[in-house]
Structure formats: C-alpha cells, structure tokens
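# Sequence first, predicted model second:
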Amino acid sequence: MKLATFNVNGIRTRLPNLLHWLARESPDVVCLQELKALDGAFPEAELRQAGYGAIWKGQRSWNGVAILVKDGEPVEIRRELPGDPADEQSRYLEAAVNGVIVCCLYLPNGNPQPGPKFDYKLAWFERFTAHTQGLYQSGHPVVLAGDFNVIPTDADVYNPKSWQKDALIQPESRDAYQRLLSQGWLDCLRHEHPHEPIYTFWDYFRQHWPQNKGLRIDHILLNAELAPQLEAAGVHNWVRGEEHASDHAPTWIELSLTGAKRSAAAAATRRIPTEAPADPPPAAAARKKRAPAKPPRSKS
DNA sequence: ATGGCATATCCTATATGA
C-alpha cells in the first residue's frame, strides 16, 4: 500500500497537476492540505473519475484538508482536532482505510513569530500531541501524514541561517516535534534516508527549486503497530518541476500491507497494546528485495 | 527590515503562506 501526503496550495488551480500525479504514481491513500476552497468547490467528480473516493473539509481562501482512497472510500472518524471548540480552521481529518487509522494534518505555519500566530501554532501542536498519545496506544495501526510546518533538524534545510527567524525552525517548534516523536512515532523519510538531504518544499522565490534549496516539512509518522511494515519512503520531486506546480512535492511511503498483512494488522488491534506483534510474516523480507520502489517508467 | 512568487477573495488591493 502506497500512502502519500501532498500540500497542493489550492486544489482548484492545481487539479491538473494533482490528476497527472495520481495517474502516474497511483498512490492508494492520499492526504491533501491547503485546498483553499469551500466544500462545494471540492472536485469530487473529477477525483471519482480518476478512481478515488474522498472525504474533505474545506474553508474559504485558506487551509482545507482531504483524504483520498483509490478504488474505495475513507471511513471518516473525525473532522476536527479535539481540545478547542472555538478553533474553526480546517486543518485535521481522520479516517479508517483498510484497517489503518489515517490522520491528515495541516499544522499552522506560525509566522510571524513571536506573535499570536506562533502562539496558535504551538497550542495546536500541543492539542495534536495530546490526541496522538491516545492514538499511539490504541493498538490500531496509525499513520500521521501531513504538512507539519516544522524543519526538524539543520539537516532538513539547505541553509539554517536563512530561516533563523522563521517559525518553522524555532526551538519551540522543534521541541514540540521531538515531544511528538518521543511518544514512539517513526519518522519514515528520515528512517529510510538517515543521512542524505531530503526536501519536500521549495519556495517560489530566488530560483530555489532549480538550485534544490528546499525544506523537509511534510512528514509521515507511524506507530509501533505499523512501523514494521515500512518498506520504502521518498518524495516525488518530479511533481515540483512540472508547469504550474505547488511549492510542495508529494511525500510517500510504501507499506507491506497485503491481504495477509491486513489480517495481521487487524489481529494486532486485538492484542495488548504494549506487546510487540508476535511474528512478522516472512513475506516482508522477500518482498523487500523484489521491487525497488520506482514507478513504472511510462514517461520521463 | 524587506523582498522575491503564488494563492485566495471583499480583485486595479490585501491577507496569507513558508
């Protein structure tokens, strides 16, 4: 099962890019952020035509999140992050997909800092971490995927000095991310690529994309139920190079969640949460060798 | 401190993003 997260920066203007990516990479589950559209403007018919069922939570002008499932329908669990009934920003969706709990998030940017927007970012992050504690321990396979608006370490930015005053790199933001990870979550991209620079965002200014001056701010995290199933992770950089591209590229993982594994995952939900899964199916090792996680080369 | 670019809407101007 291939799962991806993609900040589209406006789903209406980006629809051709989104459809092209879906057709070429065929992800099974997709978390989208920054729809920048009201619910009624969500391109439900076009996505269905492309083979994807969807749930979405829009908002005028800003924010907005969605979860897509290829040849299926996400089963909605919640449409808002708990903890603040006064928060009306569309930044969170949670759904069950093939026995996996998929959490799609668009964490606040927080600029300028210091200020009320940065306070909102940190408060949102705290609410999120309070919620994920329960998710982590639920015994269900859980994935957190989205635009976290945090540069976790200096290895995740082309030049830390250029972003020194930015909300994405502040110690408070990084501490919040580390506190989240300390619940046990696996940062898939960094785990699969421990040393090399990986970026998921390149701003529109100063030729940053052609120079590969980017940030790693879109993240996919797994709990202990799902981490053993991680087979590969990466970024579809080619999407950033297309005409009329978003400033983010799709970030993806591949999970060994076949029919047999799905049953194993379902069984895992009935175990005591603190226990490790009994015996990992031997198919995992064999499958790892078989296929490099490259898409079919239909075009260049 | 600002800008560079791109998105949105209350669109010849402004708010937001990262």
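Sure, I can see it. Just so we're clear, the structure is a prediction, and the values are computed from it rather than from any experiment. Numbering: from 1, shown residues only, chains lettered A, B, ... in the order given.

# check contacts around the nearest residue to A:R79 once chain neighbours are set aside.
Distances taken as C-beta to C-beta, 6 or more residues apart in numbering put A:K57 closest to A:R79, at 5.3 Å, once the chain neighbours are dropped. All C-beta atoms are positioned from the backbone trio N, CA, C, and that covers glycine. Shown in contact with A:K57 (C-beta atoms under 8 Å, 6 or more residues apart in numbering): A:D39, A:G64, A:V65, A:A66, A:R79, A:E80, A:S90, A:Y92, A:L93.

# Show me these that map onto strands.
The strands, defined by DSSP state E, take in A:V65, A:A66, A:Y92, A:L93 from the contacts of A:K57.

# Farthest-apart pair in these, please.
The span of these, defined through C-beta to C-beta, is set by A:A66 and A:Y92 at 11.5 Å.

# Show me the shaky parts of chain A.
For chain A, the stretches with pLDDT under 70 are A:258-300.

# got the residue ranges for the helices in it?
For chain A, the helices defined by DSSP state H occupy A:11-25, A:44-49, A:116-136, A:171-181, A:188-192, A:259-268, A:283-290.

# Could you look over the ones you listed and pick the most buried one?
Ranked by mean neighbour count, those are led by helix A:188-192 with a mean of 20 (mean count of other C-beta atoms under 10 Å).

# Quick one: distance of that helix to the chain centre.
Remark: helix A:188-192 is offset 13 Å from the chain centroid, using C-alpha atoms, centre = their mean, to the nearest Å.

# CA atoms only for it - export them in PDB, please.
Only the C-alpha atoms of helix A:188-192 are listed here, as PDB (Å, rounded to 0.1, in the frame of the first residue of the first chain):
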ATOM      1  CA  CYS A 188       9.600   7.400   7.800                       C
ATOM      2  CA  LEU A 189      11.500   9.600   5.500                       C
ATOM      3  CA  ARG A 190      14.400  10.100   7.800                       C
ATOM      4  CA  HIS A 191      14.400   6.500   8.800                       C
ATOM      5  CA  GLU A 192      14.700   5.300   5.200                       C
END
